[in-house]
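[1] coordinates for the following, if possible.
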Amino acid sequence: MTRFAPRRARGDLLALGGRDSWPYRRGALQRSMVSVSNHRGNGKSPGNTGKSSGVELYWIPLGAGASVVRASGKLFEAISGLVQRRRQGDLFHSALEVTVPAGRFVIEMTPVPDVYGERRGVVAEGAVGMRWAGRCRTFRYEIRRWREGVIPDAGEAIGGPLRLTDDLATALRILDLVPSVPTPVWGRDELDAGEMWNSNSVTSWLLTRGGVDTTWTQPPCRGRAPGWDAGLVVAARCLQPKAYVGEKAANDRP
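    As a prediction, the model looks like this:
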């Protein structure tokens, strides 16, 4: 029996995501077609927004444009709230948009809609639910670093994009880190982070490793982002050895 292993793409960063591709959700597909048509009409490419270099965070209500996902999310939150004896909140999914001189890049974890991942700048894949199930495309997720890409239902983001930094070096660092994002099984705590791993984990991991202060990047009022803390915990482990080496070197100085 062949064991499923996450797929990671390699290659030059600037060569990724060069072709247009459409999101897999019907509502997002229709909105994206209108957006691209408008850009074609004014002679601009979809990514030519005139934005300066930086990183923006999107908080999108879970299940926006997908009623089944929204209903299952509400059920999950209701059960979770009862078990943890807390008030229920609105669930959110996060995504990043990074702009650098080379273009605008969308970073997001999503289901795998087809086999043409190179069109969406896919750099890694992982299993959903159970590792053995990842041999089937239906039970795999993908991590995108999509040049001039589209965030499905970005228009539903609460408060619009949240500007996190204007620093070019930070933006480039985050882009460079995307292929290194851990790819454990979605919905499980394989990394012993105290919480399941999901799309929010990817976002918080990248921001922490990229040097962005995440103390104020909280979901909208009364909202929750399951998996966010898992990314923070795992990213902190990656940073600890460097801190220890620096401290040891300082103590060894005469």
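
[2] name the nearest residue to Asp166, ignoring sequence neighbours.
    Gly54 (4.4 Å; CB to CB, 6 or more residues apart in numbering). Placement of C-beta: from N, CA and C, glycine included.

[3] what about that neighbour, neighbour count?
    Using other CB atoms under 10 Å, the number of residues around Gly54 comes to 18.

[4] ok, now Val212?
    If we define neighbours as other CB under 10 Å, then Val212 has 20 of them.

[5] assign it to helix, strand or coil.
    coil (DSSP: H, G, I helix; E, B strand; the rest coil).

[6] in this structure it contacts Thr170, no?
    Yes: Val212 lies in contact with Thr170 (CB atoms under 8 Å); the separation is 6.4 Å.

[7] any common contacting residues for the two?
    Val55 (CB atoms under 8 Å, 6 or more residues apart in numbering).

[8] picking up where we left off before, backbone dihedrals for the residue nearest to Asp166, please?
    phi 160, psi -170 (degrees, to the nearest 10).

[9] report the contact partners of it.
    Val98, Thr99, Arg163, Leu164, Thr165, Asp166, Asp167, Leu168, Ala171.

[10] the same query, at a cut-off of 10 Å, please.
    Applying CB atoms under 10 Å, 6 or more residues apart in numbering, we find Gly54 in contact with 97-100, 161, 163-168, 170-171.

[11] same thing with Ser52?
    For Ser52, the contact set (CB under 10 Å, 6+ apart) comprises Thr99, Val100, Pro101, Arg163, Asp166, Leu168, Ala171.

[12] try it again at 8 Å.
    Counting by CB under 8 Å, 6+ apart, Ser52 touches Thr99, Asp166.

[13] thinking again about what came up before, separation between the residue nearest to Asp166 and Gly160?
    14 Å (CB to CB, to the nearest Å).

[14] residue ranges with poor pLDDT in the stretch 101-250 of the chain?
    241-250 (pLDDT under 70).

[15] can you pull out the strands in it?
    Counting by DSSP state E, counting those that start in this stretch, the stretch 101-250 of the chain has these strands, from start to end: 103-111, 122-127, 140-147, 162-165, 223-224.
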